[in-house]
Each structure stands twice: as C-alpha cells, then as structure tokens.
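[1] Here is a sequence together with a model predicted from it:
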Amino acid sequence: MLLKLQKGIIYGPVNSRRLGRSLGINILPAREKVCPFNCVYCQYGWTKIHTKRPDKNSALPSVKDVREALQEALRTISIQPAYITFSGNGEPTIYPDFGQMVEEVNAVRDELSPEAKTAILSNSALVSDLSIRQALSKLDLRMMKLDCGEVAVFKKYNQPCGGVDLEAITDGLARLTEVIIQALFSSGRKGNIDTKNIIAWMERLKKIKPSLVQIYTLDRGYPENDLKPATEEELKQIKALAEEAGLPARIY
C-alpha cells in the first residue's frame with residue numbers, strides 16, 4: 001500500500017532505520033507530490049507536479065511558517081529527536097529559498113534542540129547547482145540518492161523531468177564532502193538490477209567517494225506493477241562489489 005502524503009510541515013518523530021528518532025520537515029505542498037523525479041518505486045506514488053523549479057506562488061509553506069511549526073514541535077514533544085530531517089512530499093532542494101530555509105532550521109535547532117543534528121533525504125536532482133551544494137554543506141548529514149549508472153536505466157527507473165542530467169548529478173555529488181549515497185535496487189522489467197548498470201553505477205561511486213553506501217530494496221508500497229524486491233543474495237553481491245572498490249557499504 002502506498003503511503004499517504006504528509007498533511008503538514010512537521011511530522012513524526014518517526015523511528016527511522018537509518019537515523020533513529022527523526023523529526024521530519026515537509027517544505028513542499030501538503031496535498032501534492034512535487035518532484036523532479038517520477039521514480040517507479042516511490043512510496044508516495046506517481047509524481048503529480050513533475051518539475052525542478054516549482055512556481056513561487058504555488059502552495060509552498062513560507063520560511064516563517066516552517067520556523068514557527070518547528071519551534072512549536074520542539075517545544076511540545078516529550079523526547080527530543082536525534083535528527084531534524086528535510087524530506088516529505090517530494091524533493092526538498094527544489095524549494096525556491098532552500099538556502100535560507102536551511103539557515104532558519106539550523107537556528108531553531110541551535111536554540112531549542114542543540115543536541116539534534118540536521119539532515120536531508122534528497123534524490124540529488126539539483127546537486128549540480130552550487131547554491132544547493134552550499135546549502136547542503138550546512139546540514140550535519142547529507143543522504144543523497146543515486147540508483148543508476150547507465151543513462152537509459154536512469155531515465156526508465158527514476159524518470160527525471162527535463163533538465164536533469166545524470167552526469168551533472170555525478171559531478172555535483174563528487175563535489176560534496178561527507179556524503180552518504182542511498183541506492184534502492186529492484187528487479188523486473190522496470191527495475192535497475194542489470195549487470196552493466198551496476199558496473200556503471202560503481203564507476204560513478206568511485207568518482208563520488210561517499211562516506212557510506214546504503215543499499216536496500218522495496219519495503220513499502222510502490223506504483224509500478226512490473227517491479228519486485230531484490231533478493232538478499234543480490235543485495236549482498238552489490239555490497240561486495242562496493243567493498244571491493246574500497247567503499248564502505250551497508251544493507252538495510
């Protein structure tokens with residue numbers, strides 16, 4: 001079953017497999033998924049607004065709205081989160097004032113929950129943009145998506161909108177420091193488990209030099225019928241390839 005979209009700005013805290021107790025921040029509209037990708041495996045279903053530059057006049061929360069919602073959440077929850085995480089109904093970095101948003105969230109964290117770290121779950125679509133990388137560098141943890149090595153598989157699996165380029169994504173990720181790469185593997189006609197694709201993906205990882213590669217498969221609902229989870233053996237083989245290349249890797 002697909003997950004429902006987040007109804008507001010703040011959600012959780014949730015118990016994340018990767019982050020522990022995480023307080024989510026959705027800086028995108030509450031009723032629509034807005035994303036530069038239309039991934040066949042997305043837990044929120046198909047993308048309704050497929051763009052990397054949303055209209056400033058669309059139903060986006062203001063920086064002030066987000067600051068006040070986060071302040072209220074941190075003042076009222078009984079146990080403070082380990083992480084305050086940008087995620088939500090699409091790709092957070094497409095927010096028009098993403099840099100200012102990061103600064104405001106960091107400031108609220110410093111005031112009300114100084115032991116928490118700030119993080120992002122991003123699909124990396126805009127990481128080639130210098131201003132986005134500068135904003136990302138101000139977060140404590142950058143968990144960035146890279147599922148594919150070959151352009152043809154990238155277009156089939158992640159289904160990017162116009163203006164999103166796999167080479168530019170790879171270059172942008174390589175320019176970030178202390179980046180964690182997340183990769184979801186699945187089989188089937190629309191999947192990304194293909195020997196040539198995985199070899200090409202590994203070559204991109206060698207350029208990026210991530211601090212960790214997180215490997216996983218389908219766990220929640222997904223919109224594409226022609227997909228199925230990777231087997232445990234397939235995930236172990238991919239992990240072994242990463243480790244042979246000198247890259248720390250973990251299966252989730």
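    Sure thing, it's come through. Keep in mind it's a predicted model, so treat the numbers as computed, not measured. Numbers count the residues shown, from 1 in each chain.
[2] where along the stretch 151-252 of the chain do the strands fall?
    179-184, 186-187, 212-216, 228-229, 249-251 (DSSP state E, counting those that start in this stretch).
[3] which secondary structure elements does the third one contact?
    For strand 212-216, the elements it packs on are strand 179-184, helix 232-244, strand 249-251, judged by 3 or more Cβ pairs under 8 Å, 6 or more residues apart in numbering; DSSP states H and E. To be clear about C-beta, it is placed using only N, CA and C from the backbone, and glycine gets the same treatment.
[4] now these as TSV including mean pLDDT?
    Listed next are the helices and strands packed on strand 212-216 as TSV, based on pLDDT from 0 to 100:
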stretch	mean pLDDT
strand 179-184	98
helix 232-244	97
strand 249-251	97
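[5] For the closest residue to residue 32 other than its chain neighbours, the count of nearby residues, please.
    Sequence neighbours aside, residue 48 is the residue nearest to residue 32 in space, at 4.8 Å (criterion: Cβ to Cβ, 6 or more residues apart in numbering). For residue 48, the neighbour count with other Cβ atoms under 10 Å is 16.
[6] And the one 4 residues further on, by the same measure?
    Residue 52 has 19 neighbours, counted by other Cβ under 10 Å.
[7] picking up where we left off before, of all the helices and strands packed on strand 212-216, which lies closest to residue 6?
    Across these, residue 6 has its closest neighbour in strand 179-184 (19.3 Å, Cβ to Cβ).
[8] can you give me the helices in the chain?
    With DSSP state H as the criterion, the chain has helices at 63-76, 98-112, 130-136, 151-157, 166-174, 195-208, 232-244.
[9] now these in TSV, with distance to residue 8?
    Formatted as TSV, these follow (distance: least, Cβ to Cβ, whole Å):
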stretch	distance to residue 8
helix 63-76	7
helix 98-112	15
helix 130-136	23
helix 151-157	30
helix 166-174	30
helix 195-208	34
helix 232-244	34
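[10] mind listing the strands for the stretch 1-150 of the chain?
    Under DSSP E, counting those that start in this stretch, the stretch 1-150 of the chain gives strands at 10-16, 20-26, 34-35, 49-50, 83-87, 117-122, 141-145.
[11] how big is the angle separating the fifth one from helix 63-76?
    Put plainly, it is strand 83-87. Strand 83-87 and helix 63-76 are oriented at 150 degrees to each other (axes from the mean of the first three to the mean of the last three Cα atoms, to 10 degrees).
[12] how distant is strand 83-87 from the center of its chain?
    10 Å (Cα atoms, centre = their mean, to the nearest Å).
[13] Then the last one?
    Between the centre of strand 141-145 and the centre of its chain there are 6 Å (Cα atoms, centre = their mean).
[14] Can you list phi and psi of the residue nearest to residue 32 for me?
    When read as degrees, to the nearest 10, the backbone of residue 48 gives phi -90, psi -40.
[15] nearest to residue 98, of the helices and strands packed on strand 212-216?
    The nearest among the helices and strands packed on strand 212-216, by Cβ to Cβ, is strand 179-184 at 16.8 Å.
[16] Extract the C-alpha trace of the closest one and format it as CSV.
    C-alpha atoms of strand 179-184 as CSV (Å, rounded to 0.1, in the frame of the first residue of the first chain):
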residue,chain,number,x,y,z
VAL,A,179,28.0,12.4,1.5
ILE,A,180,26.1,9.2,2.1
ILE,A,181,24.7,7.5,-1.0
GLN,A,182,21.4,5.7,-0.9
ALA,A,183,20.5,3.2,-3.6
LEU,A,184,17.3,1.2,-3.9
